[in-house]
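A.B. asks: sequence and predicted structure, then a few things I'm wondering about:
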Amino acid sequence: MKALNQLKTFQRILQEYPANTPLSKFLPGFYRQNKQMGSTDRKVASRLIYNYFRLGKALLEIPDEERLIVAEFLCSTQVNSFLQHFKPEWAACIGFDLNDKLAMVKGAYPAFELADVFPWLDQLSTGIDQDTFLKSFFVQPDLFIRVRKGQEQLVKAQLNQAKVPFKDEGNNCLCLPNGTKLESLLPNQHSYEVQDYSSQQTAQYFKPQQWESWWDACAASGGKSLLLHELQPDLKLVVSDIRESILANLDERFRQAGLNRYQKKILDLTQNPDFIMHDYAFDGIILDAPCTGSGTWGRTPELITQFNDHRIEFFQRLQQSIARNVVKYLKPGKPLIYITCSCFKAENEEAVDFLVNELGLELEDTQVLKGYERRADTMFVARLIRK
Ligand SMILES: C[S@@+](CC[C@H](N)C(=O)[O-])C[C@H]1O[C@@H](n2cnc3c(N)ncnc32)[C@H](O)[C@@H]1O
């Protein structure tokens, strides 16, 4: 009975869920309208719908309910009553190695192909291991925080006291189980930032010097600027974004981090910003470009089925047009840090080719940050110097 109700709720969610909305935005509204659902019901409903989307584009031809059972089998590692009810013979094998489970799914559904989970493998950046990348979709990425300098002992003590298991990843990065209620566990919000592991690693490419002028050109709520500030607080910082509302979030985060001296500009960087920026020359520019976000789909698997690969070309053009309008404000000999949270070479290596061949920069260093190997986001970073 319980499992049947869970299935019915799943079907309703799937029916009501509008495309192009993140599940994380849709689900709270759905639960508000269905107040009879207790916290366990909500937890199970969320698990089922997320796992369903983790199958990506695999087995699209079979009924939703059957896809859900396949997804539950591949994504869960512990016995649950749902699978027990609908597929007891698979529930008994829930602890099997993923390769064995995949073989069992293939046996039951010969049309199943792992490669269909993410059918754009030929467009991946060089060095991404396809098999590991595909299998990473069956696991929800972890939660990562960056602990502020000087707060390490306090934060670790608070986590230990609350018996929350965590892994110290080095450089003040802690890995926590997903769903950890940070707000109640770590009441001092000044002591940490939620930031993915790979995103934190991009800081190694910044290398700022005291009193330099830096521009975070697509700053959003300031994640990269805060990293920069942690490395070198004595900088002249300019932040900009096309969205005014996101820059309001930036103000709040900067205030909490004690970052008070910065200039903020609302800029559409597909347009020449000379009328505002003509007097500026920077010692470093961070271009954390708008992109498909494909490296973060482990957190938002609902976006895989909705994705149309024309979008890659759209973002490639957008990135090129923004880069063209940004690079001219770099002083000679100074770095552009180009970042995406994409796993597509069109947005990564090909963007670097454009920056080198069309805009005359010199490539110093580049890396695909393989978050898929460690339950984190997959990102790309390159450091290029203006000649
Ligand atoms: C990947 S996000 C930046 C994330 C941010 N750097 C961080 O670490 O939190 C890309 C940002 O580019 C902005 N953007 C998109 N189109 C733009 C444009 N034409 N001009 C300027 N910014 C743009 C978006 O509003 C978005 O906030």
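C.D. replies: Yep, that arrived.
A.B. asks: what is the neighbour count of the residue of the stretch 101-250 of the chain found nearest the ligand?
C.D. replies: Closest approach between the stretch 101-250 of the chain and the ligand, counting by Cβ to the nearest ligand atom: Gly223, at 2.7 Å. Just so you know, the C-beta spots here come from the backbone N, C-alpha and C atoms, and that holds for glycine as well. When neighbours are counted by other Cβ atoms under 10 Å, Gly223 registers 21.
A.B. asks: look through this protein and tell me its longest helix.
C.D. replies: helix 310-327 (DSSP state H).
A.B. asks: so who does the spatially most central residue of the chain touch?
C.D. replies: Closest to where the C-alpha atoms of the chain average out (Cα atoms, centre = their mean) is Thr296, at 3.4 Å. Shown in contact with Thr296 (Cβ atoms under 8 Å, 6 or more residues apart in numbering): 196, 341, 377-378.
A.B. asks: could you export stretch 312-321 as CSV, CA atoms only?
C.D. replies: Extracted in CSV, the C-alpha atoms of stretch 312-321 (Å, rounded to 0.1, in the frame of the first residue of the first chain):
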residue,chain,number,x,y,z
ILE,A,312,26.0,24.3,-26.9
GLU,A,313,26.4,26.5,-29.9
PHE,A,314,24.3,29.3,-28.3
PHE,A,315,26.6,29.3,-25.3
GLN,A,316,29.7,29.1,-27.4
ARG,A,317,28.6,32.3,-29.2
LEU,A,318,27.7,34.0,-26.0
GLN,A,319,31.0,33.1,-24.4
GLN,A,320,33.0,34.4,-27.4
SER,A,321,31.0,37.7,-27.5
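A.B. asks: can you pull the buried residues of that stretch?
C.D. replies: Buried residues in stretch 312-321, counted by 16 or more other Cβ atoms under 10 Å: 312, 315-316, 318-320.
A.B. asks: which residues touch it?
C.D. replies: Contacts with stretch 312-321, where a contact means Cβ under 8 Å, 6+ apart, come from 120, 123, 269-270, 289-292, 340, 342, 344, 346-347, 350-351, 354, 358.
A.B. asks: apply 10 Å and report the result again.
C.D. replies: Contacts to stretch 312-321, defined as Cβ atoms under 10 Å, 6 or more residues apart in numbering, come from residues 120, 123, 218, 269-271, 287, 289-294, 308, 338, 340, 342, 344-348, 350-351, 354-355, 358-359.
A.B. asks: for Leu68, phi and psi?
C.D. replies: Main-chain torsions, Leu68, degrees, to the nearest 10: phi -60, psi -40.
A.B. asks: does Lys265 count as helix, strand or coil?
C.D. replies: Using DSSP: H, G, I helix; E, B strand; the rest coil, the structure places Lys265 in strand.
A.B. asks: distance check, Asp288 against the ligand.
C.D. replies: In this view, Asp288 and the ligand are 3 Å apart by Cβ to the nearest ligand atom, to the nearest Å.
A.B. asks: is that residue in contact with Leu336, as I believe?
C.D. replies: No: between Asp288 and Leu336 there is no contact under Cβ atoms under 10 Å: 11.3 Å.
A.B. asks: which one's more surrounded, these two?
C.D. replies: Taking other Cβ under 10 Å, Asp288 and Leu336 do not tie; Leu336 has more neighbours (25 against 22).
A.B. asks: average pLDDT for the host helix or strand of that one?
C.D. replies: Per DSSP states H and E: Leu336 is located in strand 335-340. Here strand 335-340 scores 98 as its mean pLDDT.
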